[in-house]
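>>> Show me the folded form of this:
(one chain, ligands or ions: 1)
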Amino acid sequence: MTAAVLDCDRCPRLREHCRDIARKKRASYRSQKYHGLPVPNFGDPAAQLLIAGLAPAAHGANRTGRMFTGDRSGDWLYRAMHRAGFANQPTATSRDDGLQLHNAMITAAVHCAPPANKPTTQEIANCAPWLDHTVDLLPNLRVVICLGRLGFDAIMRLYKTRGWFHGPRSAYPFAHGAEHPIANAPTVICSYHPSQQNTFTGRLTEPMLDSVFQRAQQIIESH
Ligand code: SF4
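As a prediction, this is how the structure comes out:
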C-alpha cells in the first residue's frame with residue numbers, strides 16, 4: 001500500500017500544494033529536502049490500535065515523509081504513545097530517527113497536506129479508499145483513536161459503508177474521551193487533535209491525551 005499511496009494523484013490541488021510547499025520551504029528548513037508527496041501510514045502491521053488523524057502538516061509530515069513527524073502535534077502524540085507503551089521513544093524528528101511503534105498504526109483521513117489544513121469534501125472522499133484498505137490490512141484491529149472531528153467523521157463514514165452500525169449517525173457524538181463500542185467492529189475513541197490550537201489554549205492537556213491511550217490499552221488487554 002505504501003508505494004501506491006506515494007503514487008496517488010487523485011487530488012491535483014493537494015498534490016500541487018505539497019509540491020509547492022516543498023519548493024518554497026520554511027526558512028528554518030531551507031537546507032532540508034522536503035518529501036512533498038502523499039504520506040503513507042506508519043506503524044506496526046500487526047497493530048490492534050489504529051490512530052486516525054486529519055492530514056499531514058505542511059512543514060511536518062509533508063517535510064519528513066512520516067506521519068506526525070517533525071511538528072508540535074507529533075511531539076505531543078509520540079510522547080503520549082511512548083508513555084502508554086505504543087512507541088519505543090517519545091520523539092519523532094525524521095524517518096531515520098529510530099522511532100518504532102508497537103501494536104499501533106497511524107493513518108490520516110487524507111494523505112496529502114491540504115491548504116490551511118482544510119481538505120475539501122471531495123478530497124476526503126477521494127482518500128477514503130485508502131482508509132478502507134488500511135483497515136483491511138489490520139486483521140488484529142481492536143480500537144481506533146480518532147484525533148479530531150474530521151478523522152472521526154472519516155472513520156464513521158467507513159463504518160457506515162461497511163454496515164458496521166445502523167441507525168442515526170447522531171447516536172455517535174464527538175467529544176474528547178467519547179467511546180463508541182460497536183458490535184463486531186473496533187471500538188472508536190474520540191480525542192481532541194493535538195494541534196497547537198488545542199494544546200496552546202489548554203483545550204487538550206497531556207493527562208487528557210494520556211487517558212485516551214490508557215483506555216485504548218485497557219480495551220486491547222481485555223480481549
Ligand atoms: S489526498 Fe489521498 S486521494 Fe488525494 S492525492 Fe493524496 S493520497 Fe491520493
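>>> which bits of the protein sit near the ligand?
Contact residues (Cβ under 6 Å from any ligand atom) of the chain with the ligand: 5, 8-11, 14-15, 38, 110-112, 123, 126-127, 130. Yep, even glycine has a C-beta here, placed from its N, CA and C like the rest.
>>> my read: residue 145 touches residue 213, true?
Yes. If you go by Cβ atoms under 8 Å, residue 145 and residue 213 touch, sitting 7.3 Å apart.
>>> partner residues bridging the spatially most central residue of the chain?
Nearest residue to the geometric centre of the chain (Cα atoms, centre = their mean): residue 53, 2.7 Å. Here residue 53 sits in beta bridges with residue 108, going by DSSP bridges.
>>> helices or strands next to the host helix or strand of residue 130 in the packing?
In this structure, residue 130 is located in helix 121-136 according to DSSP states H and E. Counting contacts by 3 or more Cβ pairs under 8 Å, 6 or more residues apart in numbering; DSSP states H and E, helix 121-136 packs against strand 49-53, strand 104-108, helix 149-161.
>>> And the contacts of that helix?
Here helix 121-136 makes contact (Cβ atoms under 8 Å, 6 or more residues apart in numbering) with 1, 5, 8, 10-11, 13-14, 41, 50, 52, 105, 107, 109-112, 114, 119, 141, 150, 154-155, 157-158, 161-162.
>>> Out of these, which end up buried?
5, 8, 10-11, 14, 41, 50, 52, 105, 107, 109-112, 114, 119, 141, 150, 154-155, 157-158 (16 or more other Cβ atoms under 10 Å).
>>> can you give me the helices in the protein?
Along the chain, the stretches classed as helices by DSSP state H are 2-7, 12-24, 61-64, 72-83, 121-136, 149-161, 196-199, 206-222.
>>> Could you say which of these is packed most deeply?
Ranked by mean neighbour count, the helices of the chain are led by helix 61-64 with a mean of 27 (mean count of other Cβ atoms under 10 Å).
>>> Pull that one out as CSV, backbone CA atoms only.
Extracted in CSV, the C-alpha atoms of helix 61-64 (Å, rounded to 0.1, in the frame of the first residue of the first chain):
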residue,chain,number,x,y,z
ALA,A,61,4.9,15.1,7.7
ASN,A,62,5.0,16.8,4.3
ARG,A,63,8.6,17.6,5.0
THR,A,64,9.7,14.5,6.7
